[in-house]
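J.: Predicted coordinates and the sequence they were generated for:
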Amino acid sequence: MACKNCNAVSSRRQLSSRGETTRFVRRLRGLVEDGRLVEFPSFTDLEDIEDDAGFPDVIECAFGCPDCGSEYVFKASSHHRRPPEWLPTRRRR
Ligand SMILES: [Zn+2]
């Protein structure tokens, strides 16, 4: 059964545009503020990513769902031609 808490972000996705990335990051911030995701100490702090002013060259930000224990990572690198990605790294119990 899907976890009601993190179901909305439980699938892998690639963010194909800057606007999409910005919207997704805002959504992540909302989920963290609501306590639906917990931000883990990571290479990048979520608060450093926000807004159009400029993202860090390399982003790697890890999250966990406090409800089911699933873990996720958001990563991007301007040095590679790959779009920013959101991916599950550990499935729920
Ligand atoms: Zn969950």
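T.: All right, it came through fine.

J.: Walking through the protein, point out its helices one by one.
T.: For the chain, the helices defined by DSSP state H cover 18-33.

J.: Alongside the ion, which residues does it contribute?
T.: Residues of the chain lying close to the ion (Cβ under 5 Å from the ion) are Cys3, Asn5, Cys6, Cys65, Asp67, Cys68, Ser70. Yep, even glycine has a C-beta here, placed from its N, CA and C like the rest.

J.: same thing but at 6 Å, please
T.: Cys3, Asn5, Cys6, Cys65, Asp67, Cys68, Ser70, Arg92 (Cβ under 6 Å from the ion).

J.: Quick check: pLDDT value at the residue nearest to the first one when sequence neighbours are not counted.
T.: Right, the one you point to is Cys3. Nearest-residue entry for Cys3: Cys68, 4.0 Å, with adjacent residues in sequence omitted and distances by Cβ to Cβ, 6 or more residues apart in numbering. At Cys68, the predicted lDDT confidence score is 94.

J.: so where is this protein shaky, pLDDT-wise?
T.: 1, 51-53, 92-93 (pLDDT under 70).

J.: For the residue nearest to the spatial centre of it, which residues are in contact?
T.: Among the residues of the chain, the one closest to the centroid is Phe74, at 3.8 Å (Cα atoms, centre = their mean). Contact analysis of Phe74 by Cβ atoms under 8 Å, 6 or more residues apart in numbering lists Phe24, Val25, Leu28, Ile59, Glu60, Cys61, Ala62, Phe63, Pro84, Glu85, Trp86.

J.: burial of Val73, as a residue count?
T.: 18 (other Cβ atoms under 10 Å).

J.: Looking at strand pairing, list the partners for it.
T.: Val73 forms beta bridges with Ala62, Leu87, as assigned by DSSP bridges.
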